[in-house]
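J.: Would you be able to build a 3D model of this:
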Amino acid sequence: MNGATTRGIARGLKGLLTTAVLSMVVTVAPLAAEPIAQPNAASLYEDGSVLPLSAHGEALLGFLGPLPTGLASDDLAKAVLAAGSSTERNPFGLLVRFTESASAVEVVEVLGAVGGSLTGPSLDGAGLYLVETLRDLDAALVVLGRSPVVKWAGPDAVLSVADLPSDPRLDELWGLTGANGIDAPGAWAHSLGDPSVVVAVIDTGVDLDHPDLAANIWTNSGEIAGNGIDDDGNGYIDDLHGWDFVNDDSDPNDDHNHGTHVAGTIAGVANDIGVVGVAPGVQIMALKFLSASGGGYSSDAVSALSYAIANGASISNNSWGGGGSSGAMSGMLDQAATADHLFVA
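T.: The predicted structure is shown next:
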């Protein structure tokens, strides 16, 4: 089955899958309720693992049976989150970092023990993978933690936008100007920001047509818009201004407004309209991994940072949080440091 066919199936079944899973198990957290038994569900899924199915896994199998790898941990997991579920982690996926010395045979063996499958290439190019499994996630983490070929394993935690103030007199607070501000006008006297500097806004997306931002939106010079071809060979088709990791497409427009607010603070154009940013001369790369609900998965945050670094952003803004301490987040910081990339949070 090719990628286009798989993606078509995913979009066609997403509504049914979400309805089925949410109707049976609404919340998945590290201490989940006892699984809800579904008649013969386990018999539909023979993966060689002796671990019990998760409640979500049983619900899914009892409703539709096995699906192609990646549909549950990617499309369905995002649909569950977008539907307003209070889930704290991806109900069908775990983040796993394998050791540098792990062989393909060893990886296959440990994946088999947890009924897992790799959903794609390394998220960060350094051994971190999203592993899909319909087995009990906590039990799977215990098995993975004991494996000598696993450096780290943890939940694909849900991250959320950082709260922004909405006071009606917000513009009167110190910040850019005033005795307690950063003296932005003094800095602007020297520079409004180097246009060669690209700042990735890893967030809910950015309003690409906003009058205070449009002139400063980064454009991928190696890509030809709308031709359906990955012209620059970076693995993303028609990524003219960034990427939408929620919907896996080239339109990173904001459907929440948080990312647009952040982008305006960074690089709002000095054009006598609305606001002006701290550095109105830099470019903004729009990378969307948080949905309209304001939530998203750690795996997509890692992918967004990898994209930013690989495509020339020297700085990234990350105004989001949640998920607790995570080896995935530590890995992101290490990845940024290695690339001499400034990770702002």
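
J.: use CA for all of it now, contacts and neighbours both
T.: Fine.

J.: what's the longest strand seen in the chain packed up against?
T.: If you go by DSSP state E, the chain has its longest strand at strand 150-161. Helices and strands touching strand 150-161, by 3 or more CA pairs under 8 Å, 6 or more residues apart in numbering; DSSP states H and E, are strand 89-98, helix 137-146, strand 295-297, helix 298-310, strand 320-321, helix 327-338.

J.: change it to 7 Å
T.: Applying 3 or more CA pairs under 7 Å, 6 or more residues apart in numbering; DSSP states H and E, one finds that strand 150-161 contacts strand 89-98, helix 137-146, strand 295-297, helix 298-310, strand 320-321.

J.: partners of the first one, with directions?
T.: Within its sheet, and counting by DSSP bridges, strand 89-98 is paired with strand 128-133 (antiparallel), strand 150-161 (antiparallel).

J.: Kindly export it (C-alpha atoms) in CSV.
T.: Provided in CSV are the C-alpha atoms of strand 89-98 (Å, rounded to 0.1, in the frame of the first residue of the first chain):
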residue,chain,number,x,y,z
ARG,A,89,-0.1,11.2,26.1
ASN,A,90,-0.4,9.5,22.7
PRO,A,91,-2.7,6.5,23.4
PHE,A,92,-1.1,4.4,20.7
GLY,A,93,2.6,5.4,20.7
LEU,A,94,5.8,5.7,22.7
LEU,A,95,9.0,7.6,22.1
VAL,A,96,12.1,5.3,22.0
ARG,A,97,15.7,6.2,21.6
PHE,A,98,17.9,3.2,20.7
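
J.: got a list of contacts for it?
T.: 28-29, 56, 72-73, 77, 127-134, 149-158, 297 (CA atoms under 7 Å, 6 or more residues apart in numbering).

J.: Over to the third one?
T.: When contacts are taken as CA under 7 Å, 6+ apart, the neighbours of strand 295-297 outside the stretch itself are Asn90, Asp156, Ala157, Val158, Leu159, Ser160, Val161, Phe289, Leu290.

J.: let's go with 10 Å and repeat that
T.: Contact with strand 295-297 is made by 74, 77-78, 81-82, 84, 88-90, 155-161, 203-204, 245-246, 288-291, 320-323, as judged by CA atoms under 10 Å, 6 or more residues apart in numbering.

J.: Out of the helices and strands packed on strand 150-161, the one nearest Trp188 is which?
T.: Among the helices and strands packed on strand 150-161, the nearest to Trp188 by CA to CA is helix 298-310 (26.1 Å).

J.: Toward the C-terminus from that closest one, list the very next helix or strand.
T.: Following helix 298-310 in sequence order, the next helix or strand is strand 315-317 (DSSP states H and E).

J.: Direction included, what does that next one pair up with?
T.: By DSSP bridges, strand 315-317 pairs with strand 198-203 (parallel), strand 342-344 (parallel).

J.: just how off-centre is the very next helix or strand once past the longest one within its chain?
T.: If you walk from strand 198-203 toward the C-terminus, the next helix or strand you reach (DSSP H and E) is strand 242-244. For strand 242-244, the distance from its own C-alpha centre to the chain's C-alpha centre is 11 Å (CA atoms, centre = their mean, to the nearest Å).

J.: do stretch 271-283 as well
T.: Here the centre of stretch 271-283 is set off from its chain's centre by 27 Å, with CA atoms, centre = their mean.

J.: quick one, what contacts Asp254?
T.: Here Asp254 is in contact with 203-208, 244, 260-261, 286-288, 290-292 (CA under 10 Å, 6+ apart).

J.: and with 8 Å instead?
T.: Contacts for Asp254 (CA atoms under 8 Å, 6 or more residues apart in numbering) come out as Thr204, Gly205, Val206, Asp207, Thr260, Lys288, Ala292.

J.: Check Ala162 too.
T.: With contact set as CA under 8 Å, 6+ apart, Ala162 has these partners: Ser319, Trp320, Gly321.

J.: and the last one, bridged to which residues?
T.: When bridges are assigned using DSSP bridges, the partners listed for Gly321 are Ser160.

J.: hmm, back to that, of the contacts of Asp254, closest to Val276?
T.: For the contacts of Asp254, the residue nearest Val276 by CA to CA is Thr260; the value is 12.8 Å.

J.: Spatially, and excluding backbone neighbours, which residue is closest to the closest one.
T.: Distance criterion CA to CA, 6 or more residues apart in numbering; nearest residue to Thr260, sequence neighbours excluded, is Val206 at 4.6 Å.

J.: One more: Ala153?
T.: Val96 (4.3 Å).

J.: hang on, isn't Leu208 packed against Ile217?
T.: Yes: Leu208 lies in contact with Ile217 (CA atoms under 8 Å); the separation is 6.7 Å.

J.: Tell me, how many residues neighbour Ile284?
T.: By other CA atoms under 10 Å, 32 other residues sit near Ile284.
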